[in-house]
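Undergrad: here is the input, now give the coordinates:
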Amino acid sequence: MIPGSRFELSDAERADVALLAEELMRTSPGLVDEREWLDRCRDLSCHLPLRLQNRLRAFRHDPGHEGVLLIRNLPTADSVPPTPQESDSVERRATLSASVLCAVAMELGEVIAYHNEKQGALVQNVVPVPGREAQQSNAGSVPLEMHTENAFHPHRPDYVGLLCVRGDHDLSAGLQVACIRAALEHLDAGTRETLRRPLFITEPPPSFDGPGSGTRPHAVLTGDTEDPDIRIDLHTTHSADPWGKQAVEALADAVRTVSEEIVLTPADLAFVDNRVTLHGRTAFTPRYDGEDRWLQRVFVHLDHRRSRAVRSLHGNVLN
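TA: Next comes the predicted model:
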């Protein structure tokens, strides 16, 4: 990663974030999905260390050539419970990690979730699940194909936040990222033009229960021709058009060429700009011994108003 994509808190800043998170842990009702707690979290996020606020603001303004921000040296709990193993695991309690994650995320935008994914929980556990090793989802442990989050959905997250609670045993599970700003340099004009046509269909992942929105044709690249947004899942995005198929293959090659790997360790928080950056994961071997890899994930919208028609009043969960 280039230096501008990393930000490390000083020990004094880390202590300040810990105090803020501890106040959130004491905030009634102690549940991150409740409106009262979210309102307090939104207020307190304005009191994060100024240097961190400035870096998040800069990332929001321009995600750079990599489209990812890695924040290090955040506070961690003295004692971490065993890594969950159940399917669709979530964190509804205002733990230290969940409080830190939500407070930092709210300096980027509004934390949101989807009713059909993990019961609409705002903080979701990304952990390996026994029997789902080969699944292309956050429960698997085989290589996770590069994708933009919820590429099938009309209201995709603007950012995906991943906080490391516990690393994997061998430190082999790497978060892979690839920004279209870098990949575009490896695509010819014809391929770029094909990717801008509505020739592609993306199906929802296994983690998204119920009917999805993956049957409507869409373009992979949208917006400015020289600095486009991207919408694709290299596992579930398909095209019946031969030129579309060829364009996806070329894009996949370009993504592999520019992709970088980040091994997250406890106290690391990575924000991926989901508008311009794909992410995935390398393979790892879970042991199901309570010490497996454990990330906590949030989704963030910059413009909360745009999804108002599919949310209840003042709610953060999209139907």
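Undergrad: and for Phe271, the neighbour number?
TA: If you count neighbours by other CB atoms under 10 Å, Phe271 ends up with 26. Any C-beta I mention is one placed from the backbone N, CA and C, and that applies to glycine too.
Undergrad: make that Leu171, sorry
TA: Once other CB under 10 Å is used to define contacts, Leu171 is seen to have 12 neighbours.
Undergrad: quick one: it and Glu261, what's the gap?
TA: 11 Å (CB to CB, to the nearest Å).
Undergrad: do the same with His153
TA: 26 Å.
Undergrad: and these two? which has more neighbours close in?
TA: Legend: neighbour count by other CB under 10 Å for His153 and Glu261, higher for His153 (19 against 13).
Undergrad: Three-state assignment for the more buried one, please.
TA: Using DSSP: H, G, I helix; E, B strand; the rest coil, the secondary structure recorded for His153 is coil.
Undergrad: looks like it contacts Tyr114 (just checking).
TA: Yes: His153 is within contact range of Tyr114, at 7.3 Å (criterion: CB atoms under 8 Å).
Undergrad: any stretches of the stretch 101-250 of the chain with poor pLDDT?
TA: Along the stretch 101-250 of the chain, segments meeting pLDDT under 70 span 206-207, 209-215.
Undergrad: helices along that one, start to end?
TA: Using DSSP state H, counting those that start in this stretch, the helices of the stretch 101-250 of the chain run over 180-183, 189-195, 242-258.
Undergrad: okay, those helices, which one's buried deepest?
TA: Each of these was scored by mean neighbour count; the highest is helix 180-183, a mean of 22, by mean count of other CB atoms under 10 Å.
Undergrad: send over that one as CSV, restricted to the C-alpha atoms.
TA: Taking C-alpha atoms only, helix 180-183 is exported to CSV below (Å, rounded to 0.1, in the frame of the first residue of the first chain):
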residue,chain,number,x,y,z
ILE,A,180,-10.7,0.6,-11.0
ARG,A,181,-8.6,3.8,-11.1
ALA,A,182,-5.5,1.5,-11.4
ALA,A,183,-7.1,-1.3,-13.4
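Undergrad: can you tell me the strand partners of the one helix or strand Leu278 maps to and which way each runs?
TA: Per DSSP states H and E, Leu278 falls inside strand 277-281. When sheet partners are counted by DSSP bridges, strand 277-281 sits next to strand 144-147 (antiparallel), strand 175-179 (antiparallel).
Undergrad: quick one: the longest one to helix 242-258, angle?
TA: Here the directions of strand 175-179 and helix 242-258 differ by 120 degrees (axes from the mean of the first three to the mean of the last three CA atoms, to 10 degrees).
Undergrad: tell me, how many residues neighbour Pro130?
TA: For Pro130, using other CB under 10 Å, the count is 11.
Undergrad: can you put the helices of the stretch 101-250 of the chain in a markdown table and add distance to Leu108?
TA: Below are the helices of the stretch 101-250 of the chain laid out as a markdown table (distance: least, CB to CB, whole Å):
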| stretch | distance to Leu108 |
| --- | --- |
| helix 180-183 | 19 |
| helix 189-195 | 27 |
| helix 242-258 | 24 |
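Undergrad: among those helices, which is nearest Glu36?
TA: helix 180-183 (39.1 Å; CB to CB).
Undergrad: what comes into contact with that closest one?
TA: By CB atoms under 8 Å, 6 or more residues apart in numbering, the surrounding residues in contact with helix 180-183 are 64-67, 221, 227-230, 251, 254-255, 257-258, 276-278.
Undergrad: make it 6 Å
TA: 65, 230, 254-255, 258, 276 (CB atoms under 6 Å, 6 or more residues apart in numbering).
Undergrad: put together JSON lines for the strands paired with strand 277-281, with mean neighbour count and distance to Arg14 on each row.
TA: Putting the strands paired with strand 277-281 into JSON lines (neighbours: other CB atoms under 10 Å; distance: least, CB to CB, whole Å) gives the following:
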{"stretch": "strand 144-147", "mean neighbour count": "20", "distance to Arg14": "30"}
{"stretch": "strand 175-179", "mean neighbour count": "23", "distance to Arg14": "22"}
